[in-house]
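Chemist: Output the structure for:
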Amino acid sequence: MRLEEKFKQLKQEKKKAFIAYVPFGFPEISMTEDICLTLQAAGVDAIELGVPFSDPLADGSIIQKATNRALEKGVNLDVFFERFSKFNKKLKIPIVIMSYYNPILQFGVKKFFKQMSGVDISAILVVDLPLEESQLYIKEARKYNIDNISFITPTTSDKRAKKIVKCARGFIYYVSVTGITGPKDLSYSKLSKHIKNIKVNTDMPICVGFGIHNKEQVSMINKFSDGVIVGSEIVGFIENNYLDKNFLNKLQFHTKNIINR
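Modeler: As a prediction, this is how the structure comes out:
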């Protein structure tokens, strides 16, 4: 399913998007399929799969620990495509790949997008690629009809935000706070004001990520956004519970509780 189709469906149902982030290959490569299918069963609207990188500048300690474990298990883009292709057809919701640009550049930008297209991935989110250096990246994304999601942060100027929304596809990822991922206290009034300013220049959905870790925050942010991205809370839960024999049931229940529908 495409992001555009999912957001249209949610709008008709008068719901907001809940996007779950998990690193591919964490806590074990063999567990990623079951984790993704469990998140889907819990009602998440899209899954953001992180491709581990050795220098994840935007990630807090919870996600850094998880991605380091995935790297230790041997996860790279070759492993990702080989493993994901074996269960991608079971996923009926949009899949977004989150990565840093270095692994994609080393893999080959054109080769990367061609293989993404071959496994039905809807969108890509690259954390550290400036707009000014993204011409090839955007060109290849357009070629294979893959949405390139872009970040806007609290420190992004209005002038730059206008440029970003013109080039972005899928949705705008609004970073709730300056800094790295992980649980945060959020200022809803500031968030609401910033998102209203961005919406003046685009009809694209705007989803909020970084720092969101409970159902109360999800409920408050959904009042003025088009959805939320939750990562560290879910990753931390996996870390603390994956050895439990009822882990998948617990993960489904925990995720449903955060979605709070």
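Chemist: residue ranges for the helices of this structure, please.
Modeler: 3-12, 32-42, 61-72, 77-84, 101-107, 109-118, 135-143, 158-167, 188-199, 215-221, 232-241, 247-259 (DSSP state H).
Chemist: Next up, the contacts around residue 112.
Modeler: 77, 104, 140 (Cβ atoms under 8 Å, 6 or more residues apart in numbering). Where you see a C-beta, it was placed from the backbone N, CA and C, and this is true even at glycine.
Chemist: gap between the residue nearest to the last one when sequence neighbours are not counted and residue 21?
Modeler: In this case it means residue 140. Nearest residue to residue 140 in three dimensions, chain neighbours excluded: residue 113, at 4.1 Å (Cβ to Cβ, 6 or more residues apart in numbering). Residue 113 sits 21 Å away from residue 21, going by Cβ to Cβ, to the nearest Å.
Chemist: What residues does the closest residue to residue 170 other than its chain neighbours make contact with?
Modeler: Closest residue in space to residue 170, ignoring its immediate chain neighbours: residue 147 at 3.1 Å, by Cβ to Cβ, 6+ apart. Each residue near residue 147 by Cβ under 8 Å, 6+ apart is listed here: 2, 3, 4, 122, 123, 124, 141, 169, 170, 171.
Chemist: Please report the number of neighbouring residues for residue 81.
Modeler: 19 (other Cβ atoms under 10 Å).
Chemist: Test my guess that it contacts residue 113.
Modeler: No - Residue 81 is beyond contact range of residue 113, at 11.7 Å (criterion: Cβ atoms under 8 Å).
Chemist: follow-up on the earlier one: which of the helices of the chain has the lowest average pLDDT?
Modeler: For those, the weakest mean pLDDT is recorded on helix 61-72, namely a mean of 83.
Chemist: if we look at it, which residues are touching it?
Modeler: By Cβ under 8 Å, 6+ apart, helix 61-72 touches 21, 23-27, 29, 50, 52-54, 56, 59, 181-182, 231-232, 235-236, 238-239.
Chemist: cool, stretch 127-143 as well?
Modeler: Applying Cβ under 8 Å, 6+ apart, the set of residues contacting stretch 127-143 is 56-58, 98-101, 104, 109-110, 112-113, 124, 126, 147-148, 150-151, 160, 163-164, 167, 169.
Chemist: got a list of what residue 41 touches?
Modeler: residue 252.
Chemist: For residue 183, report the pLDDT, please.
Modeler: So, for residue 183, pLDDT stands at 46.
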